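In: please work out how this folds:
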Amino acid sequence: MDYLVTMTTQVPDGVPDSTVAAVRAREAAHTAELASAGRVLRLWRPPLRPGEWRTLGLFTAGDADELEQTLAGMPLRIWRTDAVTPLLPHPNDPGVGRVPRDPRRTEFLITFVVDIPAATTAAAVADLTAREALRAHELAVDGHLIRLWAASAPSRNLGLWQAGDAEEMAAVVRSLPMLRWLTVDTVPLSAHHSDPATAATAESSAS
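Out: Just a heads-up that it's a prediction; the model follows:
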(Lines give C-alpha, C1' and ligand atoms only; values in the text may rest on other atoms or scores of the structure.)
Protein backbone atom coordinates (compact mmCIF):
# COMPACT_ATOMS: atom_id res chain seq x y z
CA MET A 1 0.00 0.00 0.00
CA ASP A 2 1.18 3.52 -0.77
CA TYR A 3 1.35 6.34 1.76
CA LEU A 4 1.98 10.06 1.41
CA VAL A 5 4.01 11.27 4.40
CA THR A 6 4.49 14.92 5.28
CA MET A 7 7.71 15.09 7.29
CA THR A 8 8.30 18.26 9.30
CA THR A 9 11.64 18.67 11.06
CA GLN A 10 12.31 21.08 13.92
CA VAL A 11 15.88 21.04 15.22
CA PRO A 12 16.00 22.12 18.89
CA ASP A 13 17.81 25.32 19.76
CA GLY A 14 21.43 24.82 20.70
CA VAL A 15 22.12 21.76 18.56
CA PRO A 16 25.51 22.32 16.86
CA ASP A 17 25.57 22.61 13.08
CA SER A 18 28.04 19.73 12.96
CA THR A 19 25.52 17.46 14.69
CA VAL A 20 22.77 18.49 12.29
CA ALA A 21 25.04 17.83 9.32
CA ALA A 22 25.98 14.39 10.66
CA VAL A 23 22.34 13.40 11.18
CA ARG A 24 21.42 14.64 7.72
CA ALA A 25 24.22 12.60 6.19
CA ARG A 26 23.00 9.49 8.01
CA GLU A 27 19.46 10.27 6.85
CA ALA A 28 20.55 10.46 3.22
CA ALA A 29 22.44 7.16 3.47
CA HIS A 30 19.53 5.43 5.19
CA THR A 31 17.06 6.81 2.66
CA ALA A 32 19.15 5.35 -0.15
CA GLU A 33 18.93 1.96 1.58
CA LEU A 34 15.14 2.31 1.90
CA ALA A 35 14.90 3.22 -1.78
CA SER A 36 16.94 0.15 -2.74
CA ALA A 37 14.57 -1.96 -0.64
CA GLY A 38 11.57 -0.41 -2.42
CA ARG A 39 10.13 1.22 0.69
CA VAL A 40 10.61 4.88 -0.22
CA LEU A 41 9.49 5.64 -3.77
CA ARG A 42 9.75 9.43 -4.10
CA LEU A 43 10.76 12.51 -2.08
CA TRP A 44 9.93 16.15 -2.82
CA ARG A 45 10.23 19.62 -1.32
CA PRO A 46 6.94 21.56 -1.17
CA PRO A 47 6.99 25.39 -1.09
CA LEU A 48 8.57 26.47 2.19
CA ARG A 49 8.35 29.58 4.31
CA PRO A 50 11.51 30.96 5.96
CA GLY A 51 12.75 28.64 8.67
CA GLU A 52 10.64 25.67 7.55
CA TRP A 53 12.15 22.23 6.96
CA ARG A 54 9.58 19.97 5.36
CA THR A 55 9.60 17.01 2.96
CA LEU A 56 6.85 15.09 1.18
CA GLY A 57 7.52 11.40 0.74
CA LEU A 58 5.81 8.60 -1.15
CA PHE A 59 6.33 5.36 0.78
CA THR A 60 5.06 1.82 0.36
CA ALA A 61 4.42 -0.67 3.17
CA GLY A 62 2.30 -3.69 3.95
CA ASP A 63 0.30 -1.77 6.55
CA ALA A 64 0.44 1.23 8.86
CA ASP A 65 2.53 -0.61 11.46
CA GLU A 66 5.16 -1.55 8.89
CA LEU A 67 5.25 2.05 7.67
CA GLU A 68 5.77 3.30 11.22
CA GLN A 69 8.71 0.93 11.64
CA THR A 70 10.24 2.41 8.48
CA LEU A 71 9.70 6.00 9.59
CA ALA A 72 10.88 5.34 13.15
CA GLY A 73 14.20 4.03 11.84
CA MET A 74 15.05 7.19 9.92
CA PRO A 75 17.76 9.25 11.69
CA LEU A 76 15.93 12.58 11.41
CA ARG A 77 12.94 11.15 13.28
CA ILE A 78 14.53 12.37 16.52
CA TRP A 79 13.56 15.93 15.47
CA ARG A 80 10.68 15.18 13.13
CA THR A 81 6.91 14.75 13.16
CA ASP A 82 5.19 12.76 10.40
CA ALA A 83 1.66 13.17 9.06
CA VAL A 84 0.55 10.07 7.13
CA THR A 85 -2.11 9.90 4.41
CA PRO A 86 -2.99 6.36 3.28
CA LEU A 87 -3.38 6.19 -0.50
CA LEU A 88 -5.92 3.77 -1.94
CA PRO A 89 -6.20 2.51 -5.53
CA HIS A 90 -8.02 4.77 -7.99
CA PRO A 91 -9.62 3.37 -11.16
CA ASN A 92 -8.05 6.14 -13.30
CA ASP A 93 -4.50 5.60 -12.01
CA PRO A 94 -2.11 5.04 -14.95
CA GLY A 95 -0.10 2.61 -12.79
CA VAL A 96 3.42 2.41 -11.46
CA GLY A 97 6.10 3.30 -14.01
CA ARG A 98 3.76 3.71 -16.97
CA VAL A 99 4.17 7.48 -17.23
CA PRO A 100 7.86 8.41 -16.94
CA ARG A 101 9.02 11.41 -14.96
CA ASP A 102 10.22 14.18 -17.28
CA PRO A 103 13.03 16.18 -15.57
CA ARG A 104 12.28 19.12 -17.88
CA ARG A 105 8.83 19.48 -16.33
CA THR A 106 7.70 20.55 -12.86
CA GLU A 107 5.86 18.00 -10.76
CA PHE A 108 2.68 18.92 -8.89
CA LEU A 109 0.76 17.21 -6.11
CA ILE A 110 -2.91 17.97 -6.64
CA THR A 111 -5.74 17.21 -4.23
CA PHE A 112 -9.25 16.94 -5.65
CA VAL A 113 -12.33 16.95 -3.41
CA VAL A 114 -15.45 15.86 -5.29
CA ASP A 115 -18.78 17.46 -4.33
CA ILE A 116 -21.64 16.21 -6.49
CA PRO A 117 -24.78 18.38 -6.22
CA ALA A 118 -27.63 16.56 -4.51
CA ALA A 119 -30.01 16.96 -7.47
CA THR A 120 -27.63 15.33 -9.95
CA THR A 121 -29.08 12.21 -11.60
CA ALA A 122 -27.29 8.87 -11.54
CA ALA A 123 -27.12 8.99 -15.35
CA ALA A 124 -25.37 12.37 -15.27
CA VAL A 125 -22.88 11.10 -12.69
CA ALA A 126 -22.17 7.99 -14.76
CA ASP A 127 -21.68 10.06 -17.94
CA LEU A 128 -19.29 12.53 -16.33
CA THR A 129 -17.40 9.74 -14.55
CA ALA A 130 -16.84 7.98 -17.89
CA ARG A 131 -15.70 11.22 -19.54
CA GLU A 132 -13.35 11.91 -16.62
CA ALA A 133 -11.81 8.44 -16.97
CA LEU A 134 -11.25 8.97 -20.69
CA ARG A 135 -9.66 12.38 -20.09
CA ALA A 136 -7.40 10.95 -17.38
CA HIS A 137 -6.20 8.32 -19.85
CA GLU A 138 -5.51 11.01 -22.47
CA LEU A 139 -3.54 13.09 -19.95
CA ALA A 140 -1.51 10.04 -18.95
CA VAL A 141 -0.70 9.37 -22.61
CA ASP A 142 0.35 13.02 -22.92
CA GLY A 143 2.69 12.55 -19.94
CA HIS A 144 0.82 14.89 -17.57
CA LEU A 145 -0.81 12.42 -15.17
CA ILE A 146 1.80 10.22 -13.48
CA ARG A 147 -0.20 8.63 -10.63
CA LEU A 148 -3.66 8.97 -9.13
CA TRP A 149 -4.91 7.69 -5.76
CA ALA A 150 -8.05 7.77 -3.69
CA ALA A 151 -7.46 9.08 -0.17
CA SER A 152 -9.01 7.52 2.91
CA ALA A 153 -11.21 10.60 3.36
CA PRO A 154 -14.48 10.35 1.38
CA SER A 155 -14.50 11.95 -2.09
CA ARG A 156 -10.84 13.03 -1.79
CA ASN A 157 -8.31 12.06 -4.45
CA LEU A 158 -4.61 12.86 -4.83
CA GLY A 159 -2.69 12.98 -8.08
CA LEU A 160 0.94 13.33 -9.07
CA TRP A 161 1.13 15.40 -12.25
CA GLN A 162 3.77 17.14 -14.34
CA ALA A 163 3.69 20.12 -16.68
CA GLY A 164 6.02 22.70 -18.17
CA ASP A 165 4.93 25.32 -15.64
CA ALA A 166 2.09 26.32 -13.34
CA GLU A 167 0.13 27.93 -16.16
CA GLU A 168 0.18 24.75 -18.22
CA MET A 169 -0.78 22.71 -15.17
CA ALA A 170 -3.75 24.99 -14.53
CA ALA A 171 -4.87 24.56 -18.14
CA VAL A 172 -4.68 20.78 -17.76
CA VAL A 173 -6.85 20.92 -14.64
CA ARG A 174 -9.38 23.14 -16.43
CA SER A 175 -9.73 20.45 -19.08
CA LEU A 176 -11.13 17.92 -16.60
CA PRO A 177 -14.81 17.15 -17.27
CA MET A 178 -15.61 17.02 -13.54
CA LEU A 179 -14.04 20.41 -12.80
CA ARG A 180 -17.33 22.04 -11.80
CA TRP A 181 -17.69 19.44 -9.05
CA LEU A 182 -14.11 19.71 -7.83
CA THR A 183 -12.29 21.72 -5.20
CA VAL A 184 -8.66 21.73 -6.32
CA ASP A 185 -5.49 22.32 -4.29
CA THR A 186 -2.28 22.39 -6.36
CA VAL A 187 1.15 22.16 -4.73
CA PRO A 188 4.25 22.63 -6.92
CA LEU A 189 7.04 20.23 -6.00
CA SER A 190 10.78 20.84 -6.05
CA ALA A 191 13.50 18.23 -6.34
CA HIS A 192 14.80 16.59 -3.15
CA HIS A 193 18.45 15.58 -3.05
CA SER A 194 17.54 12.08 -1.79
CA ASP A 195 14.67 11.47 -4.24
CA PRO A 196 15.08 7.94 -5.69
CA ALA A 197 13.79 9.08 -9.10
CA THR A 198 16.33 11.90 -9.27
CA ALA A 199 19.12 9.49 -8.34
CA ALA A 200 17.97 7.04 -11.00
CA THR A 201 17.95 9.77 -13.65
CA ALA A 202 21.47 10.83 -12.68
CA GLU A 203 22.73 7.23 -12.86
CA SER A 204 21.09 6.75 -16.26
CA SER A 205 22.70 9.94 -17.62
CA ALA A 206 26.11 8.90 -16.32
CA SER A 207 25.99 5.44 -17.88
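In: any stretches of the chain with poor pLDDT?
Out: Scanning the chain for pLDDT under 70 picks out 199-207.
In: just the helices in it please.
Out: 17-36, 64-72, 122-141, 166-174, 196-206 (DSSP state H).
In: mind checking which of those helices is nearest P100?
Out: Nearest of those to P100, taken as C-beta to C-beta: helix 196-206 at 9.4 Å. C-beta: built from backbone N, CA, C; applies to glycine.
In: show me the contacts for R24.
Out: By C-beta atoms under 8 Å, 6 or more residues apart in numbering, R24 lies in contact with L76.
In: quick check: it vs V11, distance?
Out: For R24, the distance to V11 equals 10 Å [C-beta to C-beta, to the nearest Å].
In: any idea which of the helices of the chain gets closest to W181?
Out: Distance to W181, taken as C-beta to C-beta, is lowest for helix 122-141 among the helices of the chain, at 7.6 Å.
In: picking that back up, could the helices of the chain be laid out in TSV, adding distance to V114?
Out: Below are the helices of the chain laid out as TSV (distance: least, C-beta to C-beta, whole Å):
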stretch	distance to V114
helix 17-36	33
helix 64-72	25
helix 122-141	10
helix 166-174	14
helix 196-206	29
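In: show me which positions of stretch 53-63 end up buried.
Out: Residues R54, T55, L56, G57, L58, F59, T60, A61 are the ones in stretch 53-63 that count as buried (16 or more other C-beta atoms under 10 Å).
In: which residues does the fourth one bridge with?
Out: Same thing as G57. Taking DSSP bridges as the rule, G57 bridges to V5, L43.
In: that one and L71: what is the separation?
Out: 9 Å.
In: between the two, which contacts overlap?
Out: Listed contacts common to G57 and L71 are V5; contacts here mean C-beta under 8 Å, 6+ apart.
In: next up, the contacts around the nearest residue in space to E107 that is not next to it in sequence.
Out: Nearest residue to E107 in three dimensions, chain neighbours excluded: L189, at 4.4 Å (C-beta to C-beta, 6 or more residues apart in numbering). Each residue near L189 by C-beta under 8 Å, 6+ apart is listed here: W44, R45, P46, L56, T106, E107, F108, L109.
In: my read: the third one touches R54, true?
Out: Put plainly, it is P46. Yes - look at P46 against R54 with C-beta atoms under 8 Å: they come within range, at 6.1 Å.
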